[in-house]
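Peer 1: Sequence first, then the predicted structure, then my questions.
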Amino acid sequence: MEQVFAALADPVRREMVLRLSRTGSMTTGALTGGLAISRQAAERHLKVLEQSGLVQTTKKGRERIRSLDAARLRMAQEWMKSLELAWSERLWRLRESYE
């Protein structure tokens, strides 16, 4: 889980995840096109996303197709939801103690 949040900490990687979430899968060129980064930087960002489990890569001929593993995002979302519930309960109890 730590790797997922570390990967999402960077705005370039968040943009890549957003693009993949909208399209399902993309070639590396399409995914990184329009980003103000070098090809080497793009590859480094993609490596971080792959290592976190957020992005999977398959080869199709000479192209690499990148796709999002939504299950990893759901795990992070569920963890954040559990924090939200815990804090909501604490705030409710605090509010009740002052009334």
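Peer 2: Structure received. Numbering: from 1, shown residues only.
Peer 1: Output the below-cut-off pLDDT ranges for the chain.
Peer 2: Within the chain, not a single segment meets pLDDT under 70.
Peer 1: longest helix of it?
Peer 2: For the chain, the helix reaching the highest residue count under DSSP state H is reported as helix 70-98.
Peer 1: That one: which residues count as buried?
Peer 2: Within helix 70-98, the residues scored as buried using 16 or more other Cβ atoms under 10 Å are 72, 73, 76. (Each C-beta comes from the backbone N, C-alpha and C, glycine too.)
Peer 1: One more: stretch 57-73?
Peer 2: 64, 65, 66, 68, 69, 72, 73.
Peer 1: what's the answer for stretch 36-50, then?
Peer 2: Quick answer for stretch 36-50 (16+ other Cβ under 10 Å): 42, 45, 46, 48, 49.
Peer 1: residues in contact with it?
Peer 2: Contact with stretch 36-50 is made by 6-7, 10, 12-13, 16-17, 28, 31-32, 35, 55-57, 66, as judged by Cβ atoms under 8 Å, 6 or more residues apart in numbering.
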